[in-house]
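Visitor: sharing a model that was predicted from the sequence below.
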Amino acid sequence: MSELILWDNMKNAVIECHSIDEISRLRNKAEAYRYALKQAKESPEVIRKAEEIKLRAERRAGELLKETPKAKGGGDVRNHPSNPTRSEKTLSDMGISYDQSSKWQKIANIPEEKFENYLEVEEELSTAGALKVAKNVHVSNNSGENSWYTPSKIINSAIKVMGEIDLDPASSELANETVKANGYYDKEDNGLTKEWYGRVWLNPPYSQPDIDDFSNAVLEKDYEEIMILVNNATETKWFQRLARKSDCICFINRRLKFIDKEGLSTGSPLQGQVVIYIGKNLNMFIEEFSNHGFCLVQP
């Protein structure tokens, strides 16, 4: 119990920290714990907690360094709202190397969902592992502004199954040129706050907290049937929620090339996609979407 309190206190301290000096000390403290625990041959779970705190501290340090003038070059850390008392300090003054500053800022650039997924699913956590995530961030991650749109061949199959699309609750005028929904909500409308109805097509923003909020809405809203196009992030809590609710999931047999806001096809993303179906036309969905991949029926 005392160990849990220690890790919770350190995690909260990292979240609340607004000083580069202090976050660096917290990071070093977590690293010292990690080393001592490994030497003492403590359980992997305990060691992993120390590794998690260290990575969270490095990410927070990267966030603060990004906000600080000249920090990227390792120069002066001048007066800044996040560090108001440290005029003319350099990275070396704070015990931070240029290499650490560069790595921590790369970790800070990882989308929150990807970072939390890494912490959740990897058995052994490390700065090197987090940097691999930073290098391989999904090229089609949505910014929350619905800037990537569904290719028409998937929409055509959705229309074959449902007959029409009555509503797209996470769309835009440009996206609806392909979806051809009878009604849609754009970012300003905020489809999470609106009524859903009829036959729904949903390609939600893939960033957090939007993807989490839309997955909850799928469970809570009223509609006739729905298809949801998302990444095959099977390890995430939001995916698990949708999978349990589904009647069938199509694991698409290729990585989709989404369409950008200029109407151009993107390169192949680094992650596959699924279409999740909830509705009464199960046999028709399987028949049509088997052309796109393997269909798994919910038992």
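Guide: Yes, it's here. Numbers count the residues shown, from 1 in each chain.
Visitor: for the residue most central in space within the chain, which non-adjacent residue is spatially closest?
Guide: Nearest to the mean C-alpha position of the chain, counting by C-alpha atoms, centre = their mean, stands Glu113 at 2.7 Å. Of all residues not flanking Glu113 in the chain, Gln208 sits nearest, at 4.1 Å (C-beta to C-beta, 6 or more residues apart in numbering). Just so you know, the C-beta spots here come from the backbone N, C-alpha and C atoms, and that holds for glycine as well.
Visitor: show me the contacts for the residue nearest to the centre of the chain.
Guide: Neighbouring residues of Glu113 by C-beta atoms under 8 Å, 6 or more residues apart in numbering: 206-208, 211, 236.
Visitor: I'd like the average pLDDT over the host helix or strand of it.
Guide: Using DSSP states H and E, Glu113 sits in helix 112-121. For helix 112-121, mean pLDDT is 78.
Visitor: can you give me the helices in the stretch 151-299 of the chain?
Guide: If DSSP state H, counting those that start in this stretch is used as the criterion, the helices of the stretch 151-299 of the chain fall at 152-162, 176-179, 210-220, 237-245, 282-289.
Visitor: redo those helices as JSON lines? Include mean pLDDT.
Guide: Output for these, formatted as JSON lines (pLDDT from 0 to 100):
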{"stretch": "helix 152-162", "mean pLDDT": "92"}
{"stretch": "helix 176-179", "mean pLDDT": "86"}
{"stretch": "helix 210-220", "mean pLDDT": "93"}
{"stretch": "helix 237-245", "mean pLDDT": "94"}
{"stretch": "helix 282-289", "mean pLDDT": "96"}
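Visitor: low-confidence stretches in the stretch 151-299 of the chain?
Guide: Within the stretch 151-299 of the chain, the segments meeting pLDDT under 70 span 257-270.
Visitor: go with 50
Guide: 260-268 (pLDDT under 50).
Visitor: strands along that one, start to end?
Guide: 167-168, 183-184, 199-202, 225-231, 248-252, 273-278, 293-297 (DSSP state E, counting those that start in this stretch).
Visitor: next, format those as TSV and append distance to Ile107.
Guide: Formatted as TSV, the strands of the stretch 151-299 of the chain follow (distance: least, C-beta to C-beta, whole Å):
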stretch	distance to Ile107
strand 167-168	35
strand 183-184	36
strand 199-202	31
strand 225-231	21
strand 248-252	30
strand 273-278	26
strand 293-297	33
